[in-house]
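After the sequence you'll find the predicted model.
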Amino acid sequence: MSTSLFSQELEPLIRLKTSGFINDFIVDETYIYAATIEGKVEIFDIYKKEKVGEIVFPLISSGRGEAVLARVLSIDRLQNRLLLVTSASKGKKDIWIYTQGELKKVGQKSADALVRKAQFIDEDHYLFATFASEAILYAQEEDYEQYHTQLTQSRLSDMVVSEDKKTMVMADESGEVRLIEVNSSKEIALVGALNVDNIYKIAYKNGTILTGGQDRRIGVYGKGIAPYYLKSDFLVYCVGLCADGGMGAYSRGFDHDIQIFEIKTKKERYRLVGHNSVINKIVFFTETIIVSAGDAEEILIWQLPAGH
């Protein structure tokens, strides 16, 4: 542990090895579910610091007719169920529900629209976002799309649903950020366009929105403060927020560090070092424990100082 001119540097507390690069992951009270490009979800016990299970997807056919591994693109969890998006044969996508040890395809009509990301709204309703910036609210029991709406004409960058499942934030390659009502797909507000190029990732917690983009900007739309952006020295591939929206994180620099900062004051608090490749996701497991992963065969976990 050392202190730089701007913020305290912290090394990872734990490194968990995976069998492939990680596209997405989720964390619950005990487990990390890591979606990999190697056709599986690997499950780790945070406290035991070890792998405790995996979900393996069927092989798919490549454009040349060869059997290849499916890439797991997106993962979400509600109670004991997982909602997943994988690559499929002929360039298509598959959507899966995993429960009680069984994988089941759902919403194949929606999947054919090239779904990029899927999130639970409740036990029966799932929200899909496509590469073409379409939003789809799907009811599993009736196998029915309650809506299938084109939100913008630009390619989707990212989509995140609020904790209460009532609103979603979406961004596209134009750099614009929109707040959308989940039940109707109606646009509530054009939040802003602090980014002037493609946005890679969004974080959305307790009304605060964080964006990171190709323009090396971190857009901050906070509660009770004027929107602002921070400038990084490298492409900002990933951002994250703590539960109350008071502390933000973003991937920083050629060394792929993670910078932790205060949303209201902009003060840099900690720099998390240890990644050697592009970071795909940053999650605050608690106020002091941060989990991240990306284009490498490992998950990194940091412990911030107590009382920070």
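Sure, I can see it.

What is the burial count for residue 148?
16 (other C-beta atoms under 10 Å). C-beta here means a position set from N, CA and C on the backbone, and glycine is covered the same way.

Tell me which helix or strand it sits in.
Residue 148 belongs to strand 144-150 when elements are defined using DSSP states H and E.

buried ones in that strand?
With burial defined by 16 or more other C-beta atoms under 10 Å, the residues of strand 144-150 counted as buried are 145, 148.

mind listing what that strand pairs with, with the direction of each?
Counting by DSSP bridges, the strands paired with strand 144-150 are strand 134-139 (antiparallel).

Buried residues in the partner strand, which are they?
134, 135, 136, 137, 138.

For the first one, give me its contacts.
Right, the one you point to is residue 134. Contacts for residue 134 (C-beta atoms under 8 Å, 6 or more residues apart in numbering) come out as 113, 148, 149, 150, 151.

if we go to 10 Å?
110, 113-116, 128, 147-152, 156, 185 (C-beta atoms under 10 Å, 6 or more residues apart in numbering).

Any of the residues you listed buried? List them.
110, 113, 114, 115, 116, 128, 148, 151, 152, 156, 185.

From what I see, the fourth one and residue 131 are in contact.
Yes: using C-beta atoms under 10 Å as the test, residue 115 is close enough to residue 131 to be in contact (8.2 Å).

what touches both of the two?
With C-beta under 10 Å, 6+ apart, residue 115 and residue 131 have common neighbours residue 93.

okay, now residue 92: neighbour count?
By other C-beta under 10 Å, neighbour count at residue 92 equals 15.

and what of residue 119?
20.

Now do the contacts for the nearest residue to residue 28 once chain neighbours are set aside.
In space, and not counting its chain neighbours, residue 28 is closest to residue 77: 6.2 Å by C-beta to C-beta, 6 or more residues apart in numbering. Contacts for residue 77 were tallied using C-beta under 10 Å, 6+ apart; they are 26, 27, 28, 31, 33, 83, 84, 98, 119, 120.

how about the fifth one, what does it touch?
Counting by C-beta under 10 Å, 6+ apart, residue 33 touches 24-27, 41-44, 53-55, 72, 75-77, 82, 84, 98.

which SS class is it?
strand (DSSP: H, G, I helix; E, B strand; the rest coil).

before we move on, the earlier item: so which of the contacts of residue 77 is the closest to residue 208?
Taking C-beta to C-beta as the measure, residue 208 lies nearest residue 119 of these, at 18.4 Å.

wait, doesn't the closest one sit right on residue 158?
No: Residue 119 is beyond contact range of residue 158, at 11.5 Å (criterion: C-beta under 10 Å).

Just give the closest residue to residue 216, not the sequence neighbours.
residue 232 (4.7 Å).

give me the low-pLDDT residue ranges for the stretch 151-300 of the chain?
Applying pLDDT under 70 to the stretch 151-300 of the chain picks out no residues at all.

still on that earlier bit, what's the overlap in contacts for residue 119 and residue 158?
residue 129.

Would you check that residue 25 makes contact with residue 292?
Yes: using C-beta under 10 Å, residue 25 is in contact with residue 292, at 9.0 Å.

quick one on the thing from earlier: with respect to residue 48, which of the contacts of residue 134 is nearest?
For the contacts of residue 134, the nearest to residue 48 is residue 116 (32.7 Å; C-beta to C-beta).

between the helix or strand where that closest one lies and strand 134-139, how many degrees?
In this assignment (DSSP H and E), residue 116 forms part of strand 115-120. Per axes from the mean of the first three to the mean of the last three C-alpha atoms, to 10 degrees, the angle that strand 115-120 makes with strand 134-139 is 40 degrees.

right, and the helix or strand after strand 115-120?
strand 125-130.

Narrow the contacts of residue 77 to those that are buried.
For the contacts of residue 77, buried by 16+ other C-beta under 10 Å: 26, 27, 31, 33, 83, 84, 98, 119, 120.

The fourth one pairs with what?
Okay, so that is residue 33. What pairs with residue 33, by the bridge criterion (DSSP bridges), is residue 26, residue 43.

And the pLDDT for it?
Looking at residue 33, its pLDDT stands at 98.

Roughly how far does it sit from residue 265?
34 Å (C-beta to C-beta, to the nearest Å).

repeat for the first one
The spacing between residue 26 and residue 265, counted by C-beta to C-beta, is 30 Å.

go on, the third one?
As for residue 31, its distance to residue 265 is 34 Å (criterion: C-beta to C-beta).

ok, back up a step: sheet partners, orientation included, of the strand holding residue 116?
strand 125-130 (antiparallel).
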